[in-house]
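1. sequence unknown, structure follows:
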């Protein structure tokens, strides 16, 4: 009897360029595991990000309820599991999680923490938006698990934020790769064992070719967890 893959829900549009990554990752992973012409069964709900994004720095308290409205829409389509293609919004999700349907959800921060612990990584560089690097919602659970989290210096954070903002609007400049490689090289020399790409745009220009440090991409971890669930592995 033919096995039907479970349906994966993907909340995207946050930003639109980075939403292409998990869609591709999910399909590539299913194709890798099953071969043939298999692809992932996905419900992709791409939101208009402006209403949420414009509140990041002065009206954050309004974001959880806005996010819940979008999550409820995604879940109304009936996915069997789901993920958010945005790291920062996991902070807002944590506020409303008890009011969200108990459909299995794969949390970027939790998966990253568990992966770093499993790989016995002791020191990790955290890259993300300025908000993610400075707020503590992402690195706090990692630190609590005994991992030393290194945050780039302020000037580097400002430059990373500038590049991320341009990537989120669809701009792809060759200098982004070299600038990130220079930052990675500095922290590799300082003893970091891994780099966490805790922003969904950064993997557009940072991958394992960029550094000899272990690249830990929360998007990859989320997608692999979704595919495991869809295939009944876990």
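-> Nice, thanks for sending it over. Remember, it's a predicted structure, so these values are computed and weren't measured experimentally.
2. can you pull out the helices in this structure?
-> 16-34, 50-53, 63-76, 89-96, 108-118, 130-135, 139-144, 154-168, 174-189, 218-230 (DSSP state H).
3. so what does the fifth one touch, helix or strand wise?
-> Pointing back at helix 108-118 there. Applying 3 or more CB pairs under 8 Å, 6 or more residues apart in numbering; DSSP states H and E, one finds that helix 108-118 contacts helix 139-144, strand 194-197, strand 214-216, helix 218-230. (Glycine included, C-beta is placed from N, CA and C.)
4. mind running it again at 10 Å?
-> Contacting helix 108-118 under the criterion 3 or more CB pairs under 10 Å, 6 or more residues apart in numbering; DSSP states H and E are the following elements: strand 81-84, helix 89-96, strand 123-127, helix 139-144, strand 194-197, strand 214-216, helix 218-230.
5. again with the first one
-> Counting contacts by 3+ CB pairs under 10 Å, 6+ apart, helix 16-34 is packed against strand 8-12, strand 42-46, strand 81-84, helix 154-168, helix 218-230.
6. swap in the third one?
-> In this structure, helix 63-76 makes packing contacts with strand 8-12, strand 42-46, helix 50-53, strand 81-84, helix 89-96, judged by 3+ CB pairs under 10 Å, 6+ apart.
7. what strands line up against the second one, and which way round?
-> Using DSSP bridges, the strands paired with strand 42-46 are strand 8-12 (parallel).
8. model confidence over the strand it pairs with, on average?
-> Strand 8-12 shows an average pLDDT of 97 in the prediction.
9. any idea how far that strand is from the chain center?
-> Strand 8-12 sits 12 Å away from the centroid of its parent chain (CA atoms, centre = their mean, to the nearest Å).
10. most packed of the helices of the chain?
-> Among those, helix 218-230 has the highest mean neighbour count (mean count of other CB atoms under 10 Å), at a mean of 22.
11. what's the angle from that helix to strand 8-12?
-> Inter-element angle recorded for helix 218-230 and strand 8-12: 160 degrees (by axes from the mean of the first three to the mean of the last three CA atoms, to 10 degrees).
12. do me a favour and average the pLDDT over helix 218-230.
-> In this model, helix 218-230 carries a mean pLDDT of 97.
13. that one packs against which elements?
-> strand 8-12, helix 16-34, strand 81-84, helix 108-118, strand 194-197.
14. tabulate the helices of the chain in a markdown table, adding columns for distance to residue 83.
-> Below are the helices of the chain laid out as a markdown table (distance: least, CB to CB, whole Å):
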| stretch | distance to residue 83 |
| --- | --- |
| helix 16-34 | 7 |
| helix 50-53 | 17 |
| helix 63-76 | 10 |
| helix 89-96 | 10 |
| helix 108-118 | 8 |
| helix 130-135 | 17 |
| helix 139-144 | 17 |
| helix 154-168 | 19 |
| helix 174-189 | 24 |
| helix 218-230 | 4 |
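15. residue 136: how many residues sit nearby?
-> 13 (other CB atoms under 10 Å).
16. ok, it to residue 62 distance?
-> The gap separating residue 136 from residue 62 is 20 Å, by CB to CB, to the nearest Å.
17. residue 103 now?
-> Counting by CB to CB, the gap from residue 103 to residue 62 is 25 Å.
18. care to break this structure down by domain?
-> Under automatic domain parsing, the residue ranges defining each domain of the chain are 8-107+220-230, 109-218.
19. want to throw the helices and strands packed on helix 218-230 into a markdown table with distance to residue 228?
-> Output for these, formatted as a markdown table (distance: least, CB to CB, whole Å):
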| stretch | distance to residue 228 |
| --- | --- |
| strand 8-12 | 11 |
| helix 16-34 | 9 |
| strand 81-84 | 9 |
| helix 108-118 | 11 |
| strand 194-197 | 21 |
